[in-house]
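S.K.: Quick one: sequence plus predicted model below, questions after.
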Amino acid sequence: MLEVLPIQEKQEQEALCARCGVPFDPALLAYKTLVDGELRGVCQFTMDANGGRILHFASAPDLYEFEPMFVMGRATLNFIDLCGVHRAYFDADCENETLIKAIGFSRNSDGRYEMDLTDFFKEPCKHSKN
């Protein structure tokens, strides 16, 4: 079973970040994705008046699977949107451009991955992917 869950305890967030090879930042919010109870990835993010920002997005070593990472990315964006922040940026080190674009991001004129979340989760299948 695929699960995406918020990480509630900072000690767990720190341990999962270490397992996925990303720096732990206690000021960031985080999600984890699991398949049959086994860690597949972690996402650390933040949001403010300028938008939501995914800062760390990584799979567990040797356990990369597209679907859990995709669902975790979308869950993160949905949370950001539900908080009333309707612009998001993908600022994480991730070389999988196919995954980043599938989640919904496209490069803006500055070369930064960005997306408008306005009404995205009302009809996500109607949004075009670049």
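M.R.: Okay, I see it.

S.K.: rest of the way, CA atoms for contacts and neighbours
M.R.: Noted.

S.K.: The residue nearest to the spatial centre of the chain: what's it in contact with?
M.R.: What sits nearest the mean C-alpha location of the chain, by Cα atoms, centre = their mean, is G73, with 3.4 Å. Contact analysis of G73 by Cα atoms under 8 Å, 6 or more residues apart in numbering lists C43, I103.

S.K.: repeat for D116
M.R.: H86, R87, A88.

S.K.: One more: P26?
M.R.: So P26 contacts K10, E14 (Cα under 8 Å, 6+ apart).

S.K.: sec struct for it, please.
M.R.: Under DSSP: H, G, I helix; E, B strand; the rest coil, P26 falls in the coil class.

S.K.: Distance check, it against F45.
M.R.: 11 Å (Cα to Cα, to the nearest Å).

S.K.: Same question for R19.
M.R.: 17 Å.

S.K.: show me the contacts for V22.
M.R.: Residues in contact with V22, defined by Cα under 8 Å, 6+ apart, are H56, F57, A58.

S.K.: which stretches of this protein form strands?
M.R.: Taking DSSP state E to define them, one finds strands in the chain at 2-6, 29-35, 38-48, 51-59, 87-90, 106-107, 113-116.

S.K.: Show me how far the top helix by length along the chain is from its chain's centre.
M.R.: Secondary structure of the chain per DSSP state H: the longest helix is helix 66-82. Relative to its parent chain, helix 66-82 has a centroid offset of 5 Å by Cα atoms, centre = their mean, to the nearest Å.

S.K.: And it, what's buried?
M.R.: For helix 66-82, burial by neighbour count (16 or more other Cα atoms under 10 Å) applies to 68-78, 80-81.

S.K.: can you redo those residues as a markdown table with pLDDT?
M.R.: Listed next are these as a markdown table, based on pLDDT from 0 to 100:
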| residue | pLDDT |
| --- | --- |
| P68 | 96 |
| M69 | 96 |
| F70 | 95 |
| V71 | 96 |
| M72 | 96 |
| G73 | 96 |
| R74 | 95 |
| A75 | 96 |
| T76 | 97 |
| L77 | 96 |
| N78 | 94 |
| I80 | 96 |
| D81 | 94 |
